[in-house]
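Below is the structure, and that's it, no one-letter string:
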């Protein structure tokens, strides 16, 4: 049986492929693209935070509120960039038409 950590690590490869393709699309709003890249920042923050939670507290990241909340801030910022980027693109299309 494959562990969830292994699946998590393997899921990065399709996501990197997704980023490669959308970064080459001229239709992709830049701000939204930064949001998708921000998800990688979230992952990069979450992994060491999870390791620290296990080593220092003997708990999973989800059980250490201050670490979990700190990591989730990066996901929230990524989502905000996505919404702003796609919202901006929709407004530009409406103005064009």
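Nice, I can see it. Everything numeric in this text was worked out from a predicted model, so none of it was measured.

who's in contact with the most centrally placed residue in the chain?
For the chain, the residue sitting closest to the mean C-alpha position, by C-alpha atoms, centre = their mean, is residue 39 at 1.5 Å. Residues near residue 39 by C-beta atoms under 8 Å, 6 or more residues apart in numbering: 15, 75, 78. Backbone N, C-alpha and C define where each C-beta goes, glycine included.

confidence score at it?
Per-residue confidence (pLDDT) for residue 39: 94.

For the helix or strand containing it, buried residues please.
Residue 39 belongs to helix 30-52 when elements are defined using DSSP states H and E. Within helix 30-52, the residues that qualify as buried are 31-36, 38-39, 42-43, 45-46, 49-50, counting by 16 or more other C-beta atoms under 10 Å.

Quick one: distance of that helix to the chain centre.
4 Å (C-alpha atoms, centre = their mean, to the nearest Å).

And the next helix or strand past it?
Note on helix 30-52: by DSSP H and E, the next helix or strand toward the C-terminus is helix 65-96.

Excluding residues flanking it in the chain, which one is nearest residue 32?
Nearest residue to residue 32, sequence neighbours excluded (C-beta to C-beta, 6 or more residues apart in numbering): residue 85, at 2.9 Å.

Correct me if wrong: the one you found contacts residue 27.
No: checked against C-beta atoms under 8 Å, the pair residue 85 and residue 27 is beyond contact range at 11.9 Å.

Compare neighbour counts for these two and give me the winner.
residue 85 (19 against 6; other C-beta atoms under 10 Å).

And that one, how far from residue 35?
Separation of residue 85 from residue 35 (C-beta to C-beta, to the nearest Å): 6 Å.

thinking again about what came up before, who wins on neighbours among the contacts of residue 39?
In those, the most neighbours by other C-beta under 10 Å go to residue 78, 19 neighbours.
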